[in-house]
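# Could you look at this predicted model? Sequence included:
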Amino acid sequence: MDNKQQLLNRILEGRYLTPVFQPIVSLVDGKTYGYEALSRISQKELEMNIEEMFQTAFKHNKSWELETLCRVKALEHSIHMERGKKLFLNVNCNIIYDNAFREGFTKAYLQKFGLSSNDIIF
């Protein structure tokens with residue numbers, strides 16, 4: 001097992017990701033329209049480039065596991081955002097090829113956290 005794979009496994013097992021929210025501002029009125037959820041590794045000793053993390057996940061058939069963790073963390077933390085703001089979630093287009101991919105996953109978590117699907121943009 002290579003070092004990147006070991007780091008990824010530790011990140012996934014410990015759920016060591018935290019979302020940060022990048023404001024998306026309207027050019028029409030300068031107001032915040034929504035937020036883009038970005039994932040960051042929360043343990044300094046597990047530091048790796050985010051793009052490498054997604055590439056490693058794809059290489060080792062863990063794209064869906066990583067995508068799931070990123071999405072759940074983003075939705076969970078978004079409940080503290082101002083209601084009515086859009087939440088932009090990045091989607092790794094390769095997840096549909098992962099054997100663990102599950103349709104309807106996001107909808108279940110929206111219900112769990114009391115979020116509206118009208119406010120989610122992929």
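Now that the structure is in, tell me what you want to look at. For clarity, every value in this text was computed on a predicted model and none was experimentally measured. Residues are numbered from 1 along each chain as shown.

# contacts, neighbours, all on C-alpha from now
Noted.

# helix or strand for residue 88, which one?
Using DSSP states H and E, residue 88 maps to strand 86-89.

# Not counting that strand itself, show me its contacts.
33-38, 71, 74, 78, 118-122 (CA atoms under 8 Å, 6 or more residues apart in numbering).

# can you do 6 Å?
Here strand 86-89 makes contact (CA atoms under 6 Å, 6 or more residues apart in numbering) with 34, 35, 36, 37, 119, 120, 121, 122.

# Looking at those, which one is closest to residue 102?
residue 122 (15.9 Å; CA to CA).

# and the closest one, how many neighbours?
The tally of other residues near residue 122 (other CA atoms under 10 Å) stands at 8.

# now residue 91
In terms of burial, residue 91 registers 12 neighbours under the definition other CA under 10 Å.

# returning to that earlier point: and the contacts of strand 86-89, which are buried?
By neighbour count, with 16 or more other CA atoms under 10 Å, these hold 34, 35, 36, 37, 120 as buried.

# max-length helix in this protein?
As assigned by DSSP state H, the longest helix anywhere in the chain is helix 63-78.

# So which elements touch that helix?
Using 3 or more CA pairs under 6 Å, 6 or more residues apart in numbering; DSSP states H and E, no helix or strand is in contact with helix 63-78.

# again, only this time at 8 Å
helix 3-14, strand 17-25, strand 32-41, helix 50-59, strand 86-89, helix 105-113 (3 or more CA pairs under 8 Å, 6 or more residues apart in numbering; DSSP states H and E).

# Same list (the ones you listed) but as a markdown table, adding distance to residue 65.
Converted to a markdown table, the helices and strands packed on helix 63-78 look like this (distance: least, CA to CA, whole Å):
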| stretch | distance to residue 65 |
| --- | --- |
| helix 3-14 | 8 |
| strand 17-25 | 12 |
| strand 32-41 | 14 |
| helix 50-59 | 8 |
| strand 86-89 | 16 |
| helix 105-113 | 12 |
